[in-house]
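sequence isn't available, so here's the structure alone:
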Ligand SMILES: Cc1cc2nc3c(=O)[nH]c(=O)nc-3n(C[C@H](O)[C@H](O)[C@H](O)COP(=O)(O)OP(=O)(O)OC[C@H]3O[C@@H](n4cnc5c(N)ncnc54)[C@H](O)[C@@H]3O)c2cc1C
């Protein structure tokens, strides 16, 4: 769905179409939700419609019907990698959080829906004595969000254990073999606008105690190096590719830990984490702080930082505003932003 297409539908027509689709499919559709309720940074403006399917079939049908009706939409998981601006977002957000079902284990395989919590899946797998994802335990997203960008940490990446992925195409569920997908460093070959519905992972039996110890170890490392209980989206910027430089270290060396703009602050624990605080925190605070960091790093280190967090804009950016293509990193579809390579550093 293009931004032009978004403009061509007037609001009333679009509202009618969304209501009709939701009623026909028996899917909950709500107005007036805010990104501040749906993202881990707890900031961001009003969303025209949030559509909340509960099964993979419903999600596929909803995506197909929205496409057919030319209604722009994008998909949200747990919102742990998204900074949405403070304005009204004139598109539909398909939230996958209710598409969670149960994780179904069969020997070394597990089939799981996109809305299932990734940390919960890691714990489930460990209890079954299955290894392969224990390093992902502390990543606070959904399985769908993790698949979308090949989430990883502490030597584990989800893409390495994927047998098949279920995606929505033309309103139906299509199963794609894992080897047909390119699983790069925090980046995959899923197409823009592709809705990931679930996956079958192939894990490996191992000693449950050893798996537990590895989970404990990754938890300990996270607790030591990251702010916990804080409102963040993980690392805000990528490490400059191929440079061996650590963005967190560079920000720290400029003395920016604790730097504040309104309700946003550079974490004292990890300088590449921006945290938001208080009821009045705004997305614009976090963005202003992020831009200040980028300017300082550019000036003093000659390095152009790229966003790792996805910036979701309510409007298409003006070309002059496009500080780099990755800043407007909407990958779900191009209803309101651009594509992000989302190459996430191990956090
Ligand atoms: C404290 C903290 C620590 C973190 N540590 C790590 C880490 O160690 N490693 C790491 O890789 N990440 C880390 N992250 C970032 C984040 O948790 C991951 O990127 C996670 O995989 C995002 O999942 P999500 O469900 O929250 O996705 P969202 O933030 O909701 O969405 C992110 C992107 O995925 C797309 N998406 C989500 N679900 C689907 C779907 N079903 N189909 C198609 N597209 C979809 C969205 O459209 C969006 O483009 C951390 C974040 C926090 C807050």
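In hand now; what should we look at? Just so it is clear, the model here is predicted, and its values are computed rather than measured.

kindly report the domain assignment for the protein.
Domain ranges of the chain: 104-224, 229-314, per automatic domain parsing.

are the shortest one and the ligand in contact anywhere?
I take that to be domain 229-314. Yes. Interface with the ligand: domain 229-314 contributes 232, 233, 234, 310 (Cβ under 6 Å from any ligand atom). Every C-beta, even on glycine, is put in place using the N, C-alpha and C of the backbone.

against residue 141, how distant is the third one?
Counting by Cβ to Cβ, to the nearest Å, the gap between residue 234 and residue 141 amounts to 9 Å.

mutual contacts of the two, please.
Common neighbours of residue 234 and residue 141 (criterion: Cβ atoms under 8 Å, 6 or more residues apart in numbering): 80, 81.

could you list the low-pLDDT ranges of the stretch 101-250 of the chain?
Low-confidence regions of the stretch 101-250 of the chain, defined here as pLDDT under 70, do not occur.

how about the residues of it by the ligand?
114, 139-142, 144-146, 148-149, 151-153, 186, 195-196, 226, 232-234.

one more time with 5 Å
114, 139, 141-142, 144-146, 148, 151, 153, 195-196, 232, 234 (Cβ under 5 Å from any ligand atom).

if we can go back for a sec, ok, which of the domains of the chain comes nearest residue 59?
Taking Cβ to Cβ, domain 104-224 is the member of the domains of the chain nearest to residue 59, at 5.7 Å.

run a quick neighbour tally on residue 208.
14 (other Cβ atoms under 10 Å).

I'd guessed it sits against residue 125; true?
No. Counting by Cβ atoms under 8 Å, residue 208 does not reach residue 125; the two are 10.4 Å apart.

sorry, back to before: now, which of the residues of domain 229-314 next to the ligand sits nearest the ligand?
residue 234 (2.7 Å; Cβ to the nearest ligand atom).

and that closest one, how many residues sit next to it?
23.

now do the phi/psi pair for it.
Phi and psi for residue 234, reported as degrees, to the nearest 10, are phi 70, psi -150.

begin at 31, not 1, for the rest of this chat.
Understood, numbering begins at 31; the last thing we discussed is residue 264.

I figured it was touching residue 109, is that so?
No. Using Cβ under 8 Å, residue 264 makes no contact with residue 109, being 11.7 Å away.

where do the strands of the stretch 181-330 of the chain begin and end?
Assigned by DSSP state E, counting those that start in this stretch, the strands in the stretch 181-330 of the chain fall at 182-183, 186-187, 192-199, 202-207, 213-214, 217-218, 225-232, 234-235, 290-291, 294-296, 304-306.

in TSV, list the domains of the chain along with distance to residue 68.
Converted to TSV, the domains of the chain look like this (distance: least, Cβ to Cβ, whole Å):
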stretch	distance to residue 68
domain 134-254	12
domain 259-344	11
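
right, and these - which one's nearest residue 79?
Here domain 259-344 is closest among the domains of the chain (Cβ to Cβ), at 13.6 Å.

re earlier: between the residues of domain 259-344 next to the ligand, which is nearest residue 205?
The closest of those, once distances to residue 205 are taken by Cβ to Cβ, is residue 340, at 26.6 Å.

ok, back up a step: filter the residues of the stretch 131-280 of the chain next to the ligand down to the ones in helices?
174, 175, 176, 178 (DSSP state H).

quick check: the farthest pair among the residues of domain 259-344 next to the ligand?
262 and 340 (13.8 Å).

give the contact list for the spatially most central residue of the chain.
The centroid of the chain falls nearest to residue 111 when counting by Cα atoms, centre = their mean (4.1 Å). Applying Cβ under 8 Å, 6+ apart to residue 111 gives the contacts 171, 175, 179, 263, 264, 338, 339, 340, 372, 374.

wait, doesn't the first one sit right on residue 126?
By that I understand residue 171. No. Residue 171 is not in contact with residue 126 according to Cβ under 8 Å; the separation is 10.5 Å.

which of those two has more neighbours?
Between residue 171 and residue 126, residue 126 has the larger neighbour count (other Cβ under 10 Å), namely 27 against 22.

ok, the closest residue to the more buried one other than its chain neighbours - how many residues close by?
Nearest residue to residue 126, sequence neighbours excluded (Cβ to Cβ, 6 or more residues apart in numbering): residue 145, at 4.3 Å. Using other Cβ under 10 Å, residue 145 has 26 neighbouring residues.

I figured residue 145 was touching residue 172, is that so?
Yes. Using Cβ under 8 Å, residue 145 is in contact with residue 172, at 5.3 Å.

and for the two, which residues touch both?
By Cβ under 8 Å, 6+ apart, the residues touching both residue 145 and residue 172 are 107, 126, 127, 130.
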